[in-house]
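Colleague: got a sequence here, can you model it:
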Amino acid sequence: MTLTDILNTEIWNGQSLSDLMTLDVLTSFAGSILGAVAMLVLGFFVAGWARRRIVKLGLDYEALDDTLFIFLGNITRYVIIGFALLFVLNTFGIQTTSIVAVVGAAGLAIGLALQGTLSNVAAGVMIIVFRPIKLGDFVTVGGQSGTVKSISLNYTELASTDNVQTIIPNANVWGNTITNFSIYETRRAEWVFGVAYDADLKLAEEVIRKTLLSDPRALQDPAPFLQVNNLGDFSVDFLARVWVKSSDYFAYQADMKRAVKEALDAAGVDIPFPTQTLIQAG
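Modeller: Residues are numbered from 1 along each chain as shown. Here you go, the predicted structure:
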């Protein structure tokens, strides 16, 4: 094959290589390339700007969930970049309809192969949209307890009370019962304090009440509850319930056990303990 034959061979849209090498065609092609590059640069710039604005919106307002707006920002970024790529392809005369069909078929095949992963992604979307948990919440999910550190499309990360990382697939989070200890602003702390049968019950009640309510973390509304609720084998038991802020719950409940014990001792109120009498035969 001679050089003339090569130059006259049709290679694209009914045009030969010699037709494509004319100055007008090369100028037009160079312009299309520059336009495509400019569109891609602009698309990535706008996509990044839109994502940052959406994420910042969630960070600026406490009432808005950060995780949801990070998710929406990422989706917006991908959509804008996708439209930019379609525009570039159309600039070069490429039919995007067939490409979309091929991508759809490939997506179906990949979806069938990755059903477990996609179920995690679908569950992640549900968690982010409906927000049964959010960053910073202390939760129990499927027997695992901890503070929510991150929620991605595939998994949720918890930090346990001893700061150990726990990774839970989102399908297990969405498909399990979720106990969220942080969703409400207040929680009710509860104790049972036992005193001896011969103790002054009125004095014991006053000591317990004063000790619990003198702490600034105790809330007066809802009203605290304190009364005898059980006559045990060795003690008269007081049931005490006090409302506190959720952030104070664990520390307050632990502190009051010791504080009430010391206050009862100081007031001379006996706290009984189980005893056994052994009788020696003979």
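Colleague: need the contact list for Ser246.
Modeller: For Ser246, the residues meeting the contact criterion (C-beta atoms under 8 Å, 6 or more residues apart in numbering) are Phe181, Ser182, Tyr184, Glu185, Thr186, Arg187. Every residue, glycine included, has its C-beta placed from N, CA and C.
Colleague: the second one: which element?
Modeller: By that I understand Ser182. Here Ser182, judged by DSSP states H and E, is contained in no helix and no strand.
Colleague: what sits against it?
Modeller: Going by C-beta under 8 Å, 6+ apart, the list of residues near Ser182 reads Gly136, Asp137, Phe138, Val139, Ser246.
Colleague: and the pLDDT at it?
Modeller: Ser182 is assigned a predicted lDDT (pLDDT) of 88.
Colleague: list the buried residues for the strand or helix carrying Tyr249?
Modeller: Using DSSP H and E, Tyr249 sits within helix 249-266. Neighbour counts over helix 249-266 (16 or more other C-beta atoms under 10 Å) mark Tyr249, Tyr252, Gln253, Met256, Ala259, Val260, Ala263, Leu264 as buried.
Colleague: for stretch 142-150, same thing?
Modeller: For stretch 142-150, a neighbour-count test (16+ other C-beta under 10 Å) marks Gln144, Gly146, Thr147, Val148 as buried.
Colleague: what is the nearest of those to Val121?
Modeller: Each of the buried residues of stretch 142-150 was scored against Val121 by C-beta to C-beta, and Val148 proved nearest at 18.3 Å.
Colleague: packing partners of the strand or helix carrying Leu42?
Modeller: For Leu42, the element it lies in under DSSP H and E is helix 23-60. Using 3 or more C-beta pairs under 8 Å, 6 or more residues apart in numbering; DSSP states H and E as the contact criterion, the neighbours of helix 23-60 among helices and strands are helix 17-20, helix 66-91.
Colleague: quick one: average pLDDT of the longest one?
Modeller: Per-residue confidence for helix 66-91 averages out to 78 on the pLDDT scale.
Colleague: centre of the chain to it, how far?
Modeller: Distance, stretch centre to chain centre, for helix 66-91: 23 Å (C-alpha atoms, centre = their mean, to the nearest Å).
Colleague: now the two most distant members of the contacts of Ser182.
Modeller: Pairwise over the contacts of Ser182, using C-beta to C-beta, the maximum falls at Val139 and Ser246, 12.3 Å.
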